[in-house]
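Q: how does the following fold in three dimensions:
(one chain, ligands or ions: 2)
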Amino acid sequence: MEVRIERRQEVDLRFTAPPSKSVTHRALMIAALAEGESVIRRPLRAADTRLTAAALRSLGIDLVQEEESVRLQGCAGALPDTGGPVRLSLGNSGTTLRIMAGVSLLAPHPVCLTGDARMQQRPFGPLGDALVQAGGRVRYPVQEGYPPVEVQGPLRGGVVNLEGGMSSQFLSSLLIAGPYARRTLAVCMRTPPVSRPYIDLTLRTMEDFGVRPFRVGSEWFVVPEGVYRGRDYTVEGDWSSASYLCAIAAVCGGRVSVGGLERTSAQGDRIFPEILSAMGCRVRWNGDLLTVERDGPLEGIEVGMASAPDIVQTVAAVAAFARGSTTITGVAHLRYKESDRLEAIRRVLTAAGAGVTVEGDRLTIRPGPLRPLIVDPENDHRTAMSAAVIGLGAGGVVVRDAGCVEKSYPGFWEALVGVGLL
Ligand SMILES: O=C(O)C1=C[C@@H](OP(=O)(O)O)[C@@H](O)[C@H](O)C1
Ligand SMILES: C=C(OP(=O)(O)O)C(=O)O
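A: Ligands and ions are numbered 1, 2, ... in the order given. All right, here's what the predicted structure looks like:
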């Protein structure tokens with residue numbers, strides 16, 4: 001599917017944010033490990049969360065898709081006997097593959113976790129090392145430190161050292177399986193974790209299901225033995241997906257309102273309105289309705305984004321329309337995503353006419369007169385959605401393989417059609 005996007009100005013639009021991908025993954029996995037039944041309401045139904053649901057079924061979990069919810073019978077931390085080894089094909093869902101690797105140590109048979117060609121280039125090694133320290137067996141049939149990876153329990157627990165500089169998903173994996181380790185699991189971060197708010201989101205979701213891990217200083221995470229309790233759980237809106245909608249107001253001028261978001265969410269991407277505000281937009285809340293407005297010029301800013309990797313492309317797209325340069329720091333881990341996103345930003349924005357410099361973990365965008373372009377998102381949903389933002393501000397943008405948004409926001413293009421932007 002190919003989408004052509006033309007320039008729009010002075011918009012006045014209203015959207016509802018889709019459900020959160022990160023919360024849906026966590027709620028499904030934790031409910032599967034809980035004692036008793038859970039109903040997960042308003043789950044995100046997208047490629048990646050479907051992979052999580054299918055993987056849980058392959059591990060023997062009774063999971064039923066209902067019209068507005070997912071119903072699961074939890075296994076109380078002991079995944080059922082599936083009769084033999086299990087193979088999980090997890091596409092390019094890093095969250096599913098990494099978190100499910102820890103969970104798989106609770107299965108009675110070996111589990112092989114694999115993914116598509118790009119997933120096989122995304123690092124796993126630090127998590128593999130940690131799972132071994134926690135008592136598991138880990139084997140890499142193709143390339144040391146990368147999926148496919150074969151894991152087998154038990155999850156004994158004890159003290160585990162973990163490198164945090166590549167992905168927070170490694171720690172989330174240990175934390176989520178942690179309550180069912182044979183003895184208390186204590187994770188010591190050897191390097192500070194990137195994408196830190198995703199760890200808070202993990203801790204908060206664990207607490208929502210009745211287990212309370214705690215931190216000691218900034219380096220230690222301790223998970224006491226415990227049991228998650230099944231429950232009725234409603235998934236909040238997705239702040240990363242909402243960033244593309246809010247950005248429309250910034251690049252087109254006018255006003256965009258987005259409903260369905262939690263103002264105090266643990267999702268780190270909820271800082272996006274603050275970033276837009278620093279760039280010259282006005283932001284206000286009316287109940288749970290967020291409104292972003294712009295009627296003056298956009299300014300370039302300097303911003304650290306180690307904690308919010310998934311909205312870096314949205315900020316970069318908006319930065320291309322500002323009066324001055326924007327520098328984004330702390331973003332080296334963007335190289336390990338669905339694509340090398342630092343390279344994707346450089347490729348798309350330079351083709352559009354902006355100047356882009358990538359130096360170490362720092363990205364600088366210098367606005368320039370923007371010109372029409374064809375974007376191949378190379379199967380990265382966030383490249384496609386941020387290209388749509390550029391298109392709405394500059395015009396003449398064609399996004400090829402636009403269906404790749406299916407990974408996190410299947411209704412993205414329909415949402416733009418629904419308000420008359422396409
Ligand atoms: O735990 C999660 O739900 C996620 C963690 C982040 O990854 P990293 O921790 O690898 O940066 C983020 O980019 C990803 O989209 C979702
Ligand atoms: C990086 C992402 O997801 P994952 O790591 O789950 O593939 C993302 O959605 O931008």
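Q: which bits of the protein sit near ligand 2?
A: The chain comes close to ligand 2 at residues 48, 92-95, 310, 337-338, 382, 408, as judged by CB under 6 Å from any ligand atom. C-beta: built from backbone N, CA, C; applies to glycine.
Q: top of those residues by neighbour count?
A: The most crowded member of those, judged by other CB atoms under 10 Å, is residue 382 (30 neighbours).
Q: where does that one land in three-state SS?
A: helix (DSSP: H, G, I helix; E, B strand; the rest coil).
Q: which ones among the residues of the chain next to ligand 2 are found in helices?
A: 48, 94-95, 382 (DSSP state H).
Q: please enumerate the helices of the protein.
A: Counting by DSSP H, the chain has helices at residues 21-33, 47-58, 94-104, 125-133, 169-177, 196-208, 239-252, 272-278, 312-319, 341-352, 381-394, 412-418.
Q: may I see the buried residues of stretch 259-274?
A: 260-261, 265-273 (16 or more other CB atoms under 10 Å).
Q: pull the number of nearby residues for the spatially closest residue to residue 66 that is not a sequence neighbour.
A: Spatial nearest neighbour of residue 66, chain neighbours left out: residue 39 (8.0 Å); criterion: CB to CB, 6 or more residues apart in numbering. By other CB under 10 Å, the residues close to residue 39 number 18.
Q: same question, residue 9
A: 11.
Q: quick one, what contacts it?
A: The neighbours of residue 9, taking CB atoms under 8 Å, 6 or more residues apart in numbering as the test, are 252-254.
Q: could you redo the last one with a cut-off of 10 Å?
A: Contact partners of residue 9, counting by CB atoms under 10 Å, 6 or more residues apart in numbering, are 251-254, 392-393, 395.
Q: need the helix or strand of the protein with the lowest average pLDDT.
A: strand 214-216 (a mean of 94; mean pLDDT, DSSP states H and E).
Q: that older thread, now the contacts of residue 9 as a markdown table including distance to ligand 1 and neighbour count?
A: A markdown table is the format used below for the contacts of residue 9 (distance: CB to the nearest ligand atom, whole Å; neighbours: other CB atoms under 10 Å):
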| residue | distance to ligand 1 | neighbour count |
| --- | --- | --- |
| 251 | 23 | 24 |
| 252 | 26 | 21 |
| 253 | 29 | 20 |
| 254 | 29 | 17 |
| 392 | 23 | 24 |
| 393 | 24 | 25 |
| 395 | 29 | 16 |
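Q: and those residues as TSV, adding distance to residue 219 and pLDDT?
A: Shown next, in TSV, are these (distance: CB to CB, whole Å; pLDDT from 0 to 100):
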residue	distance to residue 219	pLDDT
251	41	98
252	45	98
253	46	98
254	46	98
392	44	98
393	43	98
395	49	98
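Q: which pair in those spans the largest distance?
A: Of all pairs drawn from those, the one with the longest distance (CB to CB) is 254 and 395, at 15.7 Å.
Q: return the alpha-carbon coordinates of stretch 329-336 using PDB.
A: Output of stretch 329-336 as PDB, limited to C-alpha atoms (Å, rounded to 0.1, in the frame of the first residue of the first chain):
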ATOM      1  CA  THR A 329      21.000  13.600  22.800                       C
ATOM      2  CA  GLY A 330      21.100  10.200  24.500                       C
ATOM      3  CA  VAL A 331      19.800   8.300  21.500                       C
ATOM      4  CA  ALA A 332      22.500   5.800  20.600                       C
ATOM      5  CA  HIS A 333      20.100   2.900  21.400                       C
ATOM      6  CA  LEU A 334      17.900   4.000  18.400                       C
ATOM      7  CA  ARG A 335      20.300   1.900  16.300                       C
ATOM      8  CA  TYR A 336      18.800  -1.300  17.700                       C
END
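Q: quick check, that stretch touching ligand 1?
A: Yes. Against ligand 1, stretch 329-336 shows contacts by CB under 6 Å from any ligand atom at residue 333.
Q: burial count for residue 89?
A: Residues near residue 89, counting by other CB under 10 Å: 16.
Q: partners of it in the sheet?
A: Beta bridges link residue 89 to residue 114 when assigned by DSSP bridges.
Q: can you tell me how far it sits from residue 368?
A: Residue 89 sits 43 Å away from residue 368, going by CB to CB, to the nearest Å.
Q: kindly report the same for residue 322.
A: From residue 322 over to residue 368 the distance is 11 Å, taken as CB to CB.
Q: if you count what's nearby, which of those two comes out ahead?
A: Counting neighbours by other CB under 10 Å for residue 322 and for residue 368 shows that residue 322 has the greater number, 21 against 14.
Q: so what's the backbone phi/psi at that one?
A: Dihedral pair for residue 322: phi -80, psi 170, per degrees, to the nearest 10.
Q: residues in contact with it?
A: So residue 322 contacts 250-251, 279-280, 297-301, 354, 365-367 (CB under 10 Å, 6+ apart).
Q: who's in contact with the nearest residue to residue 260 once chain neighbours are set aside?
A: Distances taken as CB to CB, 6+ apart place residue 237 nearest to residue 260, at 3.8 Å, with adjacent residues excluded. Shown in contact with residue 237 (CB under 10 Å, 6+ apart): 16-20, 23, 42, 44, 258-262, 265, 267, 270, 288, 290.
Q: do residue 345 as well
A: 312-313, 315-317, 319-320, 328, 331, 334, 354, 356, 358, 363, 365, 382-383, 386 are the contacts of residue 345 under CB under 10 Å, 6+ apart.
Q: same thing but 8 Å
A: 312-313, 316, 356, 358, 363, 365.
Q: ok, now residue 61?
A: Per CB under 8 Å, 6+ apart, neighbours of residue 61: 32, 72-75, 79-80.
Q: now swap in residue 299 and tell me
A: For residue 299, the contacting residues are 278-280, 322-324, by CB under 8 Å, 6+ apart.
Q: list the residues that contact the residue nearest to it when sequence neighbours are not counted.
A: Of all residues not flanking residue 299 in the chain, residue 280 sits nearest, at 4.9 Å (CB to CB, 6+ apart). Residue 280 sits next to 294, 296-299, 322 when contact means CB under 8 Å, 6+ apart.
Q: from these, which is closest to residue 142?
A: Nearest to residue 142 among the contacts of residue 280, with distances taken as CB to CB, is residue 322, at 43.8 Å.
Q: pull up the gap between the residue nearest to residue 213 when sequence neighbours are not counted and ligand 2, please.
A: Excluding the flanking residues, the one nearest residue 213 by CB to CB, 6+ apart is residue 223, at 4.5 Å. With distances taken as CB to the nearest ligand atom, to the nearest Å, residue 223 is found 22 Å from ligand 2.
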